[in-house]
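Asker: Okay, predicted coordinates and the sequence, questions at the end:
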Amino acid sequence: MITSASAVLIPRVTGIFIDSLISSINLGILIKFCILFGVITIISIVSGYFNNYLYVKTSTNILYELKKIIILQFRDSNILEIKKMSIPEVAQMSDRDLDFLISNLLNILQSVIINILLVISSVCILIKINLYISLLLIGIAVIYIVVFLSFRTIITRVNEDFLFDQTKYFKKYFEQFSDIEFVKNNVLKKFYNYRFESIYKKFYLTSMRMQRVNYSFNSIDKICMTIAQIILFFMGGRDVIRGRISVGDFTILSTYFSLALTSVRYFLSLGKLKKEMDVSIDRINKLLNLEKDKDGNIRLDSIDTLDLNLSKEAFFYNTKISNKHLKFVKGKIYVLTGVNGSGKTTLMNIISGLYKFKNVSYQINNISVEQIDMEFNRKYKFSIIEQFPKIAEGSIEENIILGIEPDIISENEKEELISDFGLNSLLGRYIDTEFVSLSGGEIKKIALVRALSKKSEVVLMDEPTVSLDKKSKEILMEYIKKHKKNRIMIITSHDIDLIKLSDEFINI
């Protein structure tokens, strides 16, 4: 507010200063005005610093809180809905949308009041100095408003198209890096170049169209401003020559007209800005309104049986599971096998409660899974070893105990598992997820130690022996045999040794 007040005050002071110089050459007046300008500038700089400090502090905190809300909502959403989305695109767009919304909302809060005051004060000062010239300049401002409104729809449309194609372009650009190993292994440079070039051509056409429309509008904008300046120079200059206004008044007229027109431009741009903000708000709302996971509230003390009934052939992402009834009981090892795409991993995700389908009836201890808190189960009752495990940034030790309650496993038991799977040499190493220096087998071993340390009643292993060396495989199989008594162990695998180890072999 102080900064804007100085913006209104300085032109007036400048005009008075010019008239004072013309009417009286006095060193004292010169010094007085120099001091005044210096004081105004210092006040403006100091107030600007605090204003900027509050803006950065407020925007940073608000963005953090909103991103936390979106992350929490996203985590609580149905995983099947999430899998339909492009995650890099969602992350980029949501980050950009939030930044765009918050920065503009804060700017609006500051700028609306400031620009209202600028318009009112500028118009009042203009009318006071010269009513006739002021009315002509206001007429030019009205013409400018009409021109802007005629361009508004097309400007908004081309800018929306540009943002949409820019996101697609970024996605294909990101793909060039994320798929680098796939490209190199299969020598797909030409194919990926073609994909990138195709999206670039579309983005290029959209960019050039936006440039033409924006440049056309900016040209008309300049023409309107030039006409206004010519009128102001001619009529204001004539009145200065005739002695109707002073040179200082002419300077004030010119400056305050520019301030008023800048404020008018600002208010006109709010319409376009609102449409852009509506697009961002709509995208954020779609994330916030994703279908949520629906867990029950029953927390089981133990798990003895898992029953799945498929009312008809169930299709999950082009996979087909033909078994009508699957039952798993404590104390047994089950191995699921089948051709790629038959639905083994999907079935494991159904068992863990991650996927929920209407055509699957699933009971644990004869209680419908819809009544059971499956997130609690995954935390305390299930150990899950993914086919392609993830690791988090941090030390090997931190990755091993990730998500495990401190009192679940003793230090001796944990050290024994670490030693058995040959991870002692890795202890103390820090993992940077941007540059993972671990092999697939080492990552699989970390995931196995983490999962087995939970001592869960249900152990789900998706292709656990893939990437493992012979010794680690033997240790895993020995662990499975030793601990099956109080557990339900379900394994997907094509490994003949695991199939022989199983109590029941199920072909999906």
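Answerer: That came through fine.
Asker: domains in the chain, as residue ranges please.
Answerer: By the assignment in automatic domain parsing, the chain contains the domains 2-288, 305-507.
Asker: Highest mean neighbour count out of these?
Answerer: Comparing the domains of the chain by mean neighbour count (mean count of other C-beta atoms under 10 Å), domain 305-507 comes out on top with a mean of 17. Heads up, the C-betas are built off the backbone N, CA and C, glycines and all.
Asker: distance between the lengthiest helix in the chain and the chain's centre?
Answerer: Ranked by number of residues, the top helix in the chain under DSSP state H is helix 189-241. When C-alpha coordinates are averaged (C-alpha atoms, centre = their mean, to the nearest Å), helix 189-241 and its chain have centres 30 Å apart.
Asker: Who are the packing partners of that helix?
Answerer: Judged by 3 or more C-beta pairs under 8 Å, 6 or more residues apart in numbering; DSSP states H and E, helix 189-241 is in contact with helix 131-178, helix 247-288.
Asker: any chance of the ones you listed in JSON lines, plus mean pLDDT?
Answerer: Converted to JSON lines, the helices and strands packed on helix 189-241 look like this (pLDDT from 0 to 100):
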{"stretch": "helix 131-178", "mean pLDDT": "80"}
{"stretch": "helix 247-288", "mean pLDDT": "81"}
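Asker: Quick one, which of these gets closest to residue 57.
Answerer: Residue 57 sits nearest to helix 247-288 of all the helices and strands packed on helix 189-241, at 22.2 Å, using C-beta to C-beta.
Asker: next SSE after that closest one?
Answerer: As assigned by DSSP states H and E, the chain's next helix or strand after helix 247-288 is strand 305-310.
Asker: which helices and strands sit right next to that following strand?
Answerer: Using 3+ C-beta pairs under 8 Å, 6+ apart: strand 305-310 touches strand 325-329, helix 344-351, strand 360-364.
Asker: Taking strand 360-364 as reference, get the angle to it.
Answerer: Angle of strand 305-310 versus strand 360-364, following axes from the mean of the first three to the mean of the last three C-alpha atoms, to 10 degrees, is 170 degrees.
Asker: and strand 305-310, how far from the chain's centre?
Answerer: Distance, centroid of strand 305-310 to centroid of chain: 38 Å (C-alpha atoms, centre = their mean).
Asker: Start at 5, not 1
Answerer: In the new numbering, first residue 5, that becomes strand 309-314.
Asker: Each with direction, which strands does that strand pair with?
Answerer: strand 329-333 (antiparallel), strand 364-368 (antiparallel) (DSSP bridges).
Asker: Nearest approach to residue 480 belongs to which of the ones you listed?
Answerer: Distance to residue 480, taken as C-beta to C-beta, is lowest for strand 329-333 among these, at 19.5 Å.
Asker: Alpha carbons only: can I get the closest one in PDB?
Answerer: Extracted in PDB, the C-alpha atoms of strand 329-333 (Å, rounded to 0.1, in the frame of the first residue of the first chain):
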ATOM      1  CA  HIS A 329     -13.100 -70.100  -5.900                       C
ATOM      2  CA  LEU A 330      -9.800 -69.700  -4.200                       C
ATOM      3  CA  LYS A 331      -9.200 -70.500  -0.600                       C
ATOM      4  CA  PHE A 332      -6.000 -69.900   1.400                       C
ATOM      5  CA  VAL A 333      -5.500 -71.200   4.900                       C
END
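Asker: Let me know the average pLDDT across it.
Answerer: Confidence for strand 329-333, expressed as mean pLDDT, is 92.
Asker: Just the C-alphas of the very next helix or strand once past that strand, formatted as CSV.
Answerer: Counting by DSSP H and E, the next helix or strand C-terminal to strand 329-333 is strand 336-341. The C-alpha trace of strand 336-341 is given here as CSV (Å, rounded to 0.1, in the frame of the first residue of the first chain):
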residue,chain,number,x,y,z
LYS,A,336,0.2,-73.6,3.8
ILE,A,337,2.4,-72.4,1.0
TYR,A,338,0.5,-71.5,-2.3
VAL,A,339,2.2,-70.9,-5.6
LEU,A,340,0.3,-69.1,-8.3
THR,A,341,1.5,-69.6,-11.8
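Asker: So what's the gap between strand 336-341 and the chain middle?
Answerer: With C-alpha atoms, centre = their mean, you get 40 Å for strand 336-341.
Asker: Can I get the domains of the chain in TSV including distance to residue 302?
Answerer: As requested, the domains of the chain are exported to TSV (distance: least, C-beta to C-beta, whole Å):
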stretch	distance to residue 302
domain 6-292	19
domain 309-511	5
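Asker: which stretch in those domains has the least confidence?
Answerer: Mean pLDDT per stretch puts domain 6-292 lowest among these, at a mean of 82.
Asker: how about the closest residue to residue 435 other than its chain neighbours, secondary structure?
Answerer: Spatially, and ignoring its direct neighbours in sequence, residue 435 is nearest to residue 395 (5.7 Å; C-beta to C-beta, 6 or more residues apart in numbering). Counting by DSSP: H, G, I helix; E, B strand; the rest coil, the backbone at residue 395 sits in coil.
Asker: Check the spacing between residue 307 and residue 271 real quick.
Answerer: Using C-beta to C-beta, to the nearest Å, we find residue 307 at a distance of 64 Å from residue 271.
Asker: Revised request: answer the last question for residue 171.
Answerer: For residue 171, the distance to residue 271 equals 29 Å [C-beta to C-beta].
Asker: Looking at the helices and strands packed on helix 193-245, which is nearest to residue 207?
Answerer: helix 135-182 (4.2 Å).
Asker: What ranges does the stretch 5-154 of the chain have for its helices?
Answerer: All helices of the stretch 5-154 of the chain, identified by DSSP state H, counting those that start in this stretch, fall at 6-27, 31-79, 83-86, 91-133, 135-182.
Asker: Can you add distance to residue 249 and give those back as JSON lines?
Answerer: Output for these, formatted as JSON lines (distance: least, C-beta to C-beta, whole Å):
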{"stretch": "helix 6-27", "distance to residue 249": "10"}
{"stretch": "helix 31-79", "distance to residue 249": "20"}
{"stretch": "helix 83-86", "distance to residue 249": "68"}
{"stretch": "helix 91-133", "distance to residue 249": "6"}
{"stretch": "helix 135-182", "distance to residue 249": "9"}
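Asker: Mind checking those helices for the one nearest to residue 228?
Answerer: Nearest of the helices of the stretch 5-154 of the chain (C-beta to C-beta): helix 135-182, 4.7 Å.
Asker: now the closest one against helix 251-292, angle please.
Answerer: Using the same axes, to 10 degrees: helix 135-182 against helix 251-292 is 40 degrees.
Asker: State the next helix or strand along the chain beyond helix 135-182.
Answerer: helix 184-190.
Asker: my guess is residue 425 contacts residue 455, does it?
Answerer: No - counting by C-beta atoms under 8 Å, residue 425 stays clear of residue 455, with 11.5 Å between them.
Asker: For residue 309, list the residues it contacts.
Answerer: Residues in contact with residue 309 (C-beta atoms under 8 Å, 6 or more residues apart in numbering) are 331, 332, 333, 334, 367, 368, 369, 370.
Asker: Out of these, which is nearest to residue 262?
Answerer: Proximity of those to residue 262 (C-beta to C-beta) peaks at residue 368, which lies at 72.9 Å.
Asker: Please report the distance of that closest one from residue 469.
Answerer: Relative to residue 469, and taking C-beta to C-beta, residue 368 is found at 27 Å.
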